[in-house]
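Undergrad: I would like to see how this sequence folds:
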Amino acid sequence: MKVAFVIYDNLTLLDFAGVYDPVTRLRSMGFIPGLVYDVCARTEQVRSAEGAKLTPDRVNNDLSAYDYVIIPGGDGIRDLMKDAEFLHWIAVPSEKTTVAAVCGGSLLLGAAGAQKRQHASSAGGFFAAVFTRGITRPHRR
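TA: All right, here's what the predicted structure looks like:
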C-alpha cells in the first residue's frame, strides 16, 4: 500500500500531522509492514500556517502512483483553489487511487473537480462552500 501526504504553504499543521501520525504508525507498529508513504509537494519546502518548515520527500511527482492521497486543510487553500496547476496535480485520474481530504482540503478536491457525484463533508466554516461545487451533501456532518 502506497500513501501520499500532500503538503502546501499555509496548511494547518494539525490537519497534516493528525493523519500522518496514525497512518505511518500502521507500518512502525507492524500492522501493515509493507506500507510505503511519501510527503509530496509542488515546492522544495513548505511552511505551515503555524510557521513550521516542512520538507517533502517528493516534489511534483505523479500522485496517481499511490493507492491513497491525503490532502490537509488550511488557509493556503484560498490561493490554491485558483491555482490551475496545483488543482490539476491533485485531480488524480487513476481509478485505483482513493483521495481523501481533511477539513478545508475538501474544497481543494471540489475545485479540482475530483468530488463530482461524491459525498463530502468539512468543518463548519467550510461546510456551505463545499456544496456549491456539485458535491452531494451527506445526511449528517
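
Undergrad: contact partners of the longest helix along the chain?
TA: For the chain, the longest helix by residue count, based on DSSP state H, is helix 13-28. For helix 13-28, the external contacting residues (C-beta atoms under 8 Å, 6 or more residues apart in numbering) are 3, 5, 7, 31-35, 37, 39, 48-50, 52, 54, 70, 72-74, 102-105. From N, CA and C alone the C-beta is placed, and that goes for glycine too.

Undergrad: Please flag which of these sit within strands.
TA: Secondary structure from DSSP state E places Val3, Phe5, Tyr37, Val39, Leu54, Ile70 of these in strands.

Undergrad: residues of the longest helix of the chain that come out buried?
TA: Neighbour-count burial for helix 13-28 flags Leu13, Leu14, Asp15, Phe16, Val19, Tyr20, Val23, Arg27 (criterion: 16 or more other C-beta atoms under 10 Å).

Undergrad: Excluding chain neighbours, give the residue nearest to Gly104 in space.
TA: In space, and not counting its chain neighbours, Gly104 is closest to Gly73: 3.3 Å by C-beta to C-beta, 6 or more residues apart in numbering.

Undergrad: Count the neighbours of the one you found for me.
TA: For Gly73, the count of nearby residues is 24 (other C-beta atoms under 10 Å).

Undergrad: Next, work out how far apart it and Arg27 are.
TA: Gly73 sits 25 Å away from Arg27, going by C-beta to C-beta, to the nearest Å.

Undergrad: mind checking which helix or strand of the chain has the lowest mean pLDDT?
TA: Here the helix or strand of the chain ranked lowest by mean pLDDT, DSSP states H and E is helix 124-130, holding a mean of 53.

Undergrad: Compute the number of surrounding residues for the nearest residue to Asp57 once chain neighbours are set aside.
TA: If the residues on either side of it in the chain are set aside, Asp57 comes closest to Asp38, at 4.3 Å by C-beta to C-beta, 6+ apart. By the criterion of other C-beta under 10 Å, Asp38 has 17 neighbours.
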